[in-house]
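S.K.: Coordinates only, no sequence provided:
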């Protein structure tokens, strides 16, 4: 049995890897997954031989997750596998089946390892560091690293078109919630008084960026001392601190005026406070609830998908509570989450309505439907006369065909804003939804292609991410307010560009696996599944980042914008630690069986 399993796995991995040669995915990702799959099946086989224990039912959830993951990995390369050609269809079917075998083996092998040695990141001996040592080291490392980058390379900050709109709102007093109002208000606290005192927009923006760096340092330090208190090994803590200080995506995002950086701060606080509550690490209930509330409200207010994330997590906690009515900690957490979410909704809806501050326009929430209809038009699929007339009342269908961009809905949305009739669309939303559904039933393949192209950056195993810009965007013209790029230290700039290219362009072998949002997403789903099966509340910590990614599946405007998922990377240490903190009471290992 053991030898047969190894042979099946090696052949599956080899053929699976070969099938993805020449595809859009990074082939080294599939090579690494194949090698890891062989490692997992070897580990499973050795455990089977030692224990002589077979529990096929225990493996069913991991097999299902492997099948689902393989389906998405295969669909990502639809142009090669799902083109209508019989030969390609056979290749696609083989890629799906072999991928299911490999990925299911990985999930089962890792689950078996965690069942036996789930606390591998938790130290068995007392730490050599005290809490304040970890706080000082993590905050000092982050502040020094980010400030060097800020003053030598990125002064006055990474500033884009969205931020220019926010500055115009501050200067004119004409606010909207198109970009989160409360984030704009945070910028205003620093920008408005300092701009009045100095007359320099650069100095005013720089003040906000320095505040943001301080907040990142505080949130990260809070996370690290919490993981230290939870028992994480010193070596692992130091590794997380070093990576946070040197990774280009953390450094670059520290100077981004975009909402995503502050949102990542609040998501990190939210997740860390929840970790502390679940694992009983707080002595003061009042302080714990206050910090948790700051995290919940910041998560809800600083990005439009934040409310979705908190609301769905609240639903998951409530359903869990139904089966554990005596869990006082979870019950108190559900109540606190509900109260703080309600306060956030009042601030984002009732208060803004009272102040006559408009919400985002209609098309902003229709990214995926507009892309799918746009794909149908771009591929020159037939519409009946009534459908064509309805769309023409919103915007020219010929214009949609001309501006359609498979990886971003902004072209179509901006076209409707410039030349279309949003009021008609809002008044006839029901008819629009019916049209969208009817076209989807007629042209499912075109809809699938549109969805894949628009969202693949958040679930595919690998891909290029639009990550790091430096300074003021060339599309921003605010020089009259003293906002402009400054001279950068050329030596530091060259060093930064070399280091940046190594990471962003995946020149370090296999590093794309670490960078890949897709790999993180499927890993998070696995973590949540394993902890749910162990009936452990720490699963909620893997659900948070998974929900962030899932929210982009249904509403992203761009296929590969790293800043949209930066919060997942910022809070990832807590999600990893949650697995190690899981109270797995399994006394007997539950080996897996390969399903060939």
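M.R.: Now that the structure is in, tell me what you want to look at. Not measured: the values here are computed from a predicted model.

S.K.: if I read this right, residue 29 contacts residue 461, doesn't it?
M.R.: Yes - using CB atoms under 8 Å, residue 29 makes contact with residue 461 at a distance of 4.9 Å. (C-beta placed from N, C-alpha, C; glycine too.)

S.K.: Any chance you could list residues touching both of the two?
M.R.: Residues touching both residue 29 and residue 461 (CB atoms under 8 Å, 6 or more residues apart in numbering) are 516, 519.

S.K.: Would you confirm that residue 542 contacts residue 532?
M.R.: No - with contact defined as CB under 8 Å, residue 542 and residue 532 do not form a contacting pair (9.2 Å).

S.K.: Have a look at the two and say which one is more surrounded.
M.R.: Per other CB atoms under 10 Å, whichever of residue 542 and residue 532 has more neighbours is residue 542, with 26 against 18.

S.K.: got a pLDDT number for the more buried one?
M.R.: pLDDT, residue 542: 93.

S.K.: can you give me the strands in the protein?
M.R.: Remark: no strands are assigned in the chain by DSSP state E.

S.K.: most distant residue from the middle of it?
M.R.: Distance from the C-alpha centroid of the chain, by CA atoms, centre = their mean, peaks at residue 385 (41.0 Å).

S.K.: hmm, back to that, ok, residue 29 and residue 461, which is more surrounded?
M.R.: residue 461 (26 against 23).

S.K.: Can you give me every residue that contacts the more buried one?
M.R.: Contacts of residue 461 (CB under 8 Å, 6+ apart): 25, 26, 29, 30, 33, 73, 76, 516, 518, 519.

S.K.: Leaving out chain neighbours, which residue sits closest to residue 503?
M.R.: Closest residue in space to residue 503, ignoring its immediate chain neighbours: residue 248 at 4.9 Å, by CB to CB, 6 or more residues apart in numbering.

S.K.: which phi and psi does residue 156 have?
M.R.: As for residue 156, its main-chain torsions (degrees, to the nearest 10) stand at phi -90, psi 10.

S.K.: Which pLDDT value goes with it?
M.R.: 89.

S.K.: what about it, distance to residue 177?
M.R.: Going from residue 156 to residue 177 by CB to CB, to the nearest Å gives 25 Å.

S.K.: right, and the residue nearest to residue 503 touches residue 497 too?
M.R.: No - assessed by CB under 8 Å, residue 248 is found out of contact with residue 497, at 10.1 Å.

S.K.: Of these two, which one has the most company?
M.R.: Remark: of residue 248 and residue 497, residue 248 carries more neighbours, 18 against 13, as counted by other CB under 10 Å.

S.K.: Please report the distance of the more buried one from residue 511.
M.R.: Using CB to CB, residue 248 is found at 11 Å from residue 511.

S.K.: Identify the contacts common to these two.
M.R.: With CB under 8 Å, 6+ apart as the test, residue 248 and residue 511 both reach residue 503.

S.K.: Quick check, residue 376 in contact with residue 446.
M.R.: Yes - counting by CB under 8 Å, residue 446 is a contact partner of residue 376 at 5.0 Å.

S.K.: Between the two, which has more neighbouring residues?
M.R.: Per other CB under 10 Å, whichever of residue 376 and residue 446 has more neighbours is residue 376, with 24 against 20.

S.K.: Who are the contact partners of that one?
M.R.: Going by CB under 8 Å, 6+ apart, residue 376 touches 383, 439, 443, 446, 447, 450.

S.K.: In CSV: the residues you listed, plus pLDDT.
M.R.: Formatted as CSV, the contacts of residue 376 follow (pLDDT from 0 to 100):
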residue, pLDDT
383, 93
439, 96
443, 94
446, 93
447, 95
450, 95
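
S.K.: most neighbours, which of those residues?
M.R.: Busiest of these [other CB under 10 Å] is residue 450, holding 26 neighbours.

S.K.: now that residue, nearest residue through space, not along the chain?
M.R.: Using CB to CB, 6+ apart, the closest residue to residue 450 is residue 375 (3.6 Å).

S.K.: likewise residue 228?
M.R.: Nearest to residue 228 is residue 134, by CB to CB, 6+ apart, at 4.7 Å.

S.K.: Now residue 395: phi and psi?
M.R.: Main-chain dihedrals, residue 395, degrees, to the nearest 10: phi -170, psi 160.

S.K.: Centre of the chain to the lengthiest helix in the chain, how far?
M.R.: Ranked by residue count, the top helix of the chain under DSSP state H comes out as helix 86-117. Relative to the chain's own centre, helix 86-117 is displaced by 23 Å; criterion: CA atoms, centre = their mean, to the nearest Å.

S.K.: list the helices and strands it packs on?
M.R.: helix 2-19, helix 27-51, helix 56-75, helix 78-81, helix 517-533 (3 or more CB pairs under 8 Å, 6 or more residues apart in numbering; DSSP states H and E).

S.K.: at 6 Å instead, please
M.R.: Helices and strands touching helix 86-117, by 3 or more CB pairs under 6 Å, 6 or more residues apart in numbering; DSSP states H and E, are helix 2-19, helix 27-51, helix 56-75, helix 78-81.

S.K.: Buried residues of that helix, list them for me.
M.R.: 91-92, 94-116 (16 or more other CB atoms under 10 Å).

S.K.: Mind listing what's buried along stretch 163-171?
M.R.: Buried residues in stretch 163-171, defined by neighbour count with 16+ other CB under 10 Å: 163, 164, 166, 167, 169, 170.

S.K.: I meant to write stretch 384-393 there.
M.R.: Using 16+ other CB under 10 Å as the test for burial, stretch 384-393 gives 387, 390, 391.
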